[in-house]
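1. sequence isn't available, so here's the structure alone:
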Ligand SMILES: NC(=O)C1=CN([C@@H]2O[C@H](COP(=O)(O)OP(=O)(O)OC[C@H]3O[C@@H](n4cnc5c(N)ncnc54)[C@H](O)[C@@H]3O)[C@@H](O)[C@H]2O)C=CC1
Ligand SMILES: O=C([O-])CC(=O)C(=O)O
């Protein structure tokens, strides 16, 4: 068996945590032959619930789980970790936008950035899930200056999965036959789910999604708004935000980092913008990326038409506003 990977999951006593701890423990992310030591962080009042989660994980008798470390102490949670899923944060309720969570959540990511800086391995890969995810990831990285900023990313994989599922359902094909849908920008209702470069395999033939769907007004209208508003639709239906699908997407995201992307395929994640595609440098912008040896590269050279450029500009503007609000909130 390989060397154990130390993995921290924050908010481990919460909704997403309940699915995520199991999925990571089952070997779905780091591989069925890789043992994991799970560092599970939550706040002090949740320790009894967290102990219950640990009892259940133990009762699952998962071969990959080498050890469980439940704690309310960030030093213990982040000590020498290789990977972190930063989930612990307040979820939104009906009627809120994700950015309404900024004031409540951003300081958590400041404190956790400082703790990662002190205690985690410098090679740690940090995935931020807690909302507003892009801006929380930016703040977390800012307060962890000794860790390369490329090691931080924000989750838009749930949006990618949602978009892929919508297209597959519309075409009546399996989800795996839809490839390379892109989520640009913020994990918010300004995100741009883009199928212009995506392909679908229909009746054994690989064609562009545009040619397969043959409905421009759907692809530029209802498709985009359905994906943008899917989180809100789940909240309206469940009275709780997406949890199982969020945990699955977090696993997909970290697995892409750990195991790389396959030839010809890209995935979307919020990463530091270097100004590519005329986006504002330094915000955490969701781009299509390929990954090799745990390092991501933005897919370059995709043509952007006027419609797409308008969408990119709108989500970029929102990210700049969130960044400014978050930096101000951290100084109070
Ligand atoms: N990026 C994405 O695609 C998605 C993001 N989310 C976000 O994920 C976050 C968590 O969602 P749920 O699990 O549904 O919420 P939840 O309320 O069920 O669980 C959150 C857990 O985090 C804990 N927590 C709070 N402050 C903490 C801290 N400082 N350190 C450690 N743990 C802390 C809470 O005690 C709680 O157990 C929310 O912000 C939600 O909006 C949810 C779905 C998708
Ligand atoms: O919508 C929410 O607040 C939770 C979330 O981020 C999602 O489901 O995409």
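-> Sure, I can see it. Owing to the predicted nature of the structure, the values given are computational and were not obtained by experimental measurement. Ligands and ions are numbered 1, 2, ... in the order given.

2. using the three-state scheme, assign residue 37.
-> State at residue 37, reduced to three classes by DSSP: H, G, I helix; E, B strand; the rest coil: strand.

3. residues of the stretch 1-150 of the chain that sit close to ligand 2?
-> By Cβ under 6 Å from any ligand atom, the part of the stretch 1-150 of the chain that sits against ligand 2 consists of 91, 92, 98, 131. In short, each C-beta sits where N, CA and C put it, glycine included.

4. now for the residues you listed, which pair is the farthest apart?
-> Pairwise distances across those (Cβ to Cβ) peak at 9.3 Å, for the pair 91 and 98.

5. need the overlap of contacts for these two.
-> Common neighbours of residue 91 and residue 98, using Cβ atoms under 8 Å, 6 or more residues apart in numbering, are residue 131.

6. show me where pLDDT drops low in the stretch 1-150 of the chain?
-> Along the stretch 1-150 of the chain, the model assigns pLDDT under 70 to residues 1.

7. would it be right to say that residue 8 lies in a strand?
-> Yes: counting by three-state DSSP, residue 8 is part of a strand.

8. do you know how far the closest residue to ligand 1 within the chain is from ligand 2?
-> Closest to ligand 1 within the chain is residue 14: 1.9 Å, counting by Cβ to the nearest ligand atom. Note on residue 14: its distance to ligand 2, by Cβ to the nearest ligand atom, to the nearest Å, is 12 Å.

9. okay but that residue is in contact with residue 90, surely?
-> No: using Cβ atoms under 8 Å, residue 14 makes no contact with residue 90, being 9.7 Å away.

10. comparing those two, which residue is more hemmed in?
-> Between residue 14 and residue 90, counting by other Cβ atoms under 10 Å, residue 14 is the more crowded of the two (22 against 16).

11. around ligand 1, pick out the residues from the stretch 1-150 of the chain.
-> Selection of the stretch 1-150 of the chain residues close to ligand 1 by Cβ under 6 Å from any ligand atom yields 10-11, 13-17, 41-43, 46, 87-92, 108, 129-131, 133.

12. ChimeraX command for the buried members of these?
-> Per 16 or more other Cβ atoms under 10 Å, the buried members of those correspond to this ChimeraX selection:
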select :10,11,13,14,15,16,17,41,42,46,87,88,89,90,91,92,108,129,130,131,133
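
13. ok, the residue of the chain closest to ligand 1 - contacts?
-> Listed by Cβ under 8 Å, 6+ apart, the contact partners of residue 14 are 42, 46, 87, 88.
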